[in-house]
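[1] sharing a model that was predicted from the sequence below.
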Amino acid sequence: MHLRINKTEIEELKSINHVLVDSDYLSMMYSNETIFKETYKLFGNKLTLDPFIKFEFLRDVFEPQIRANKELFINSKIFNSLPDHPELYVQVKNYAIELSQIYASQSKAKGVSLVDLMLAGQLVRTHDSAVILTGNRKDYPMIIFDTVSILNVEIPREDKVRGISLIKLNRLNLDSYRDKLEKMKQKISSEISKKINNI
Amino acid sequence: MRHNPNDNRVQFSSLEKELELLTKIIINGQILEEKYHSSSEDKKTERWDASTNK
């Protein structure tokens, strides 16, 4: 397996501090040393793991040797680890709930998991200094997230190419959907109040 | 503070070691997955055989 990239687009990421690795891509790095090395060559010490991604990587692994090996992998100094702190968790959770409501209001919530929402919430929290590296673009709706670049993973054994997206938050779009959501909530609250008063 | 010219080299060397270690972890992971995946496949076959009384 090899990575094919657009160098100009990747170079534009110089101001980014964190490349948040999604679970699917973390598994891809764990299962192929070439992909791991080429990804490290591209992003170096910006590769970052969210606590929920670590959780997802280890969940359902019951075989002790596999679990220990996976733990060694994700706890390597090569990866930055975002702090697993209760205050940060509350912030990220609130952003995640807000995003889930926006997705639902635009019929974009289907198939988006809790971990996807928490990672997206982390992107909102880090104030534009991070991007997400994911093979599941549909989990991060384009109404809120822009594509920065696409890494193509060549899989010679299967004669296939898989697209891996680097995505960032579109702050203007997020603010616009926040406003719409807020207006929608106010309208519904006022309608409910009227109904209650008429009972 | 005096700059130690060897510092960068030391950091680089430690990084190289970490990368080497991670490569070994990845290869070990592949070996383990193959070992346990194939053995669980065998178990599945055994269970299937038992269920069909063969």
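    Yep, that arrived. These numbers were taken from a predicted model, which means no experiment stands behind them.
[2] check chain A for the residue nearest chain B and tell me.
    Nearest residue of chain A to chain B: A:E33, at 4.6 Å (C-beta to the nearest C-beta). Yep, even glycine has a C-beta here, placed from its N, CA and C like the rest.
[3] return the residues in contact with A:A130.
    With contacts defined as C-beta atoms under 8 Å, 6 or more residues apart in numbering or on different chains, A:A130 is in contact with A:16-20, A:48, A:122-123, A:168.
[4] same deal with A:R178?
    Going by C-beta under 8 Å, 6+ apart, A:R178 touches A:98, A:102.
[5] that one: what secondary structure?
    At A:R178, secondary structure determined by DSSP: H, G, I helix; E, B strand; the rest coil is helix.
[6] tally of neighbours for the residue of chain A closest to chain B?
    Neighbourhood size, A:E33 [other C-beta atoms under 10 Å in any protein chain shown]: 19.
[7] A:K41 too?
    Neighbour number of A:K41 under other C-beta under 10 Å is 10.
[8] what residues does it make contact with?
    With contacts defined as C-beta under 8 Å, 6+ apart, A:K41 has no neighbours.
[9] quick one: buried residues of the helix or strand hosting it?
    Per DSSP states H and E, A:K41 falls inside helix A:33-43. Buried residues in helix A:33-43, defined by neighbour count with 16 or more other C-beta atoms under 10 Å in any protein chain shown: A:33, A:35-40, A:42-43.
[10] does chain B sit close to stretch A:73-92?
    Yes: with C-beta under 8 Å from any C-beta of the partner chain as the criterion, chain B is reached by stretch A:73-92 at A:73, A:76-78.
[11] show me the contacts for residue 30.
    No chain specified, so I'll use chain A. Here A:Y30 is in contact with A:36, A:57, A:70, A:73, B:26, B:29 (criterion: C-beta under 8 Å, 6+ apart).
[12] my question was about chain B
    Contacts of B:Q30 were listed using C-beta under 8 Å, 6+ apart, and they are A:S31.
[13] in which helix or strand would I find it?
    Assigned by DSSP H and E, B:Q30 belongs to helix B:7-51.
[14] repeat for A:L26
    helix A:23-31.
[15] same check on A:K110?
    Applying DSSP H and E, one finds A:K110 in no helix or strand.
[16] same check on A:L20?
    Going by DSSP H and E, A:L20 is in strand A:18-21.
[17] tabulate the CA atom coordinates of that strand in PDB.
    What follows is strand A:18-21, C-alpha atoms only, in PDB (Å, rounded to 0.1, in the frame of the first residue of the first chain):
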ATOM      1  CA  HIS A  18      -3.000  18.700  15.100                       C
ATOM      2  CA  VAL A  19      -4.000  16.100  12.600                       C
ATOM      3  CA  LEU A  20      -6.700  14.200  14.400                       C
ATOM      4  CA  VAL A  21      -6.700  10.600  13.200                       C
END
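[18] quick check: nearest residue in space to residue 23, chain neighbours excluded?
    I'll assume chain A. A:E56 (4.5 Å; C-beta to C-beta, 6 or more residues apart in numbering or on different chains).
[19] chain B is the one I meant
    Using C-beta to C-beta, 6+ apart and skipping residues adjacent in sequence, the residue nearest B:T23 is A:E33, 4.9 Å away.
[20] my read is that that neighbour contacts B:I26, right?
    Yes: here A:E33 reaches B:I26: they are 4.6 Å apart, a contact under C-beta atoms under 8 Å.
[21] quick one: contacts for the residue sitting nearest the centre point of chain A?
    Most central in chain A under C-alpha atoms, centre = their mean is A:L119, positioned 4.1 Å from the mean C-alpha point. Residues near A:L119 by C-beta under 8 Å, 6+ apart: A:20, A:22, A:50, A:52-53, A:132.
[22] show me which residues of chain B sit near chain A.
    B:18-19, B:21-23, B:25-30, B:32-33, B:36.
[23] can we see that at 10 Å?
    When proximity is defined by C-beta under 10 Å from any C-beta of the partner chain, chain B lies next to chain A at B:14-15, B:17-19, B:21-33, B:35-37, B:39-40.
[24] no more questions from me, cheers.
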